[in-house]
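Peer 1: predicted model and sequence below, questions to follow.
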Amino acid sequence: MSNRPADGYAAWTEAGDRVSALCLRMGFWVPLLLCTWLALTPSPPESVFRVSDILLHGFAFAYLTFALGLAHGSLRPWAVVAWMLGYGVLIELVQSFEPSRAAELKDLLVDCAGIAVGLLLLIAFGAWSRRLLRSLIGLALPVARD
């Protein structure tokens, strides 16, 4: 038995769906902008943690691929891969014009591995992640009152 009135349930559900979609989109676009800034700045800030560049690339592309698939759920898996691969190629291309940076095939190969991991995670956990977020947002929304 729900504590939400029947007539307010549709509005409550619609609001939850909008908040959920906004959270998913922010969870992709904000980290994408941060990663783009870090990749294109001539001298990125020193990392607090000493982590391999390969691990950073792999983790960033795995997360961004997973987040893109969640944020834009209507995209087919091949489109998610194409967008992320295009992003990786674009980053390396732009870095080739920056004197203090260099485009590296190694980075692009690690990006591809990260994309593959992110896609596998999206296939395995994407629907569950959307449901979980929707449930958590539903708990946080105020109950509709008459």
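Peer 2: Cool, got the structure. Numbering: from 1, shown residues only.

Peer 1: helix/strand/coil for the residue nearest in space to the middle of the chain?
Peer 2: Nearest to the mean C-alpha position of the chain, by Cα atoms, centre = their mean, lies Ala67 at 2.4 Å. Classification of Ala67 using DSSP: H, G, I helix; E, B strand; the rest coil returns helix.

Peer 1: before we move on, what about Ala62?
Peer 2: Put simply, Ala62 is helix when judged by three-state DSSP.

Peer 1: thinking again about what came up before, out of everything not next to it in sequence, what's closest to the residue nearest to the centre of the chain?
Peer 2: Nearest non-adjacent residue to Ala67, counting by Cβ to Cβ, 6 or more residues apart in numbering: Phe28, 4.0 Å away. (Glycine included, C-beta is placed from N, CA and C.)

Peer 1: got it, and Ile91?
Peer 2: Ala39 (4.8 Å).

Peer 1: for the one you found, list the residues it contacts.
Peer 2: Ile91, Val94, Gln95 (Cβ atoms under 8 Å, 6 or more residues apart in numbering).

Peer 1: what's the burial count for the second one?
Peer 2: Read that as Val94. Residue neighbour count, defined by other Cβ atoms under 10 Å, stands at 14 for Val94.
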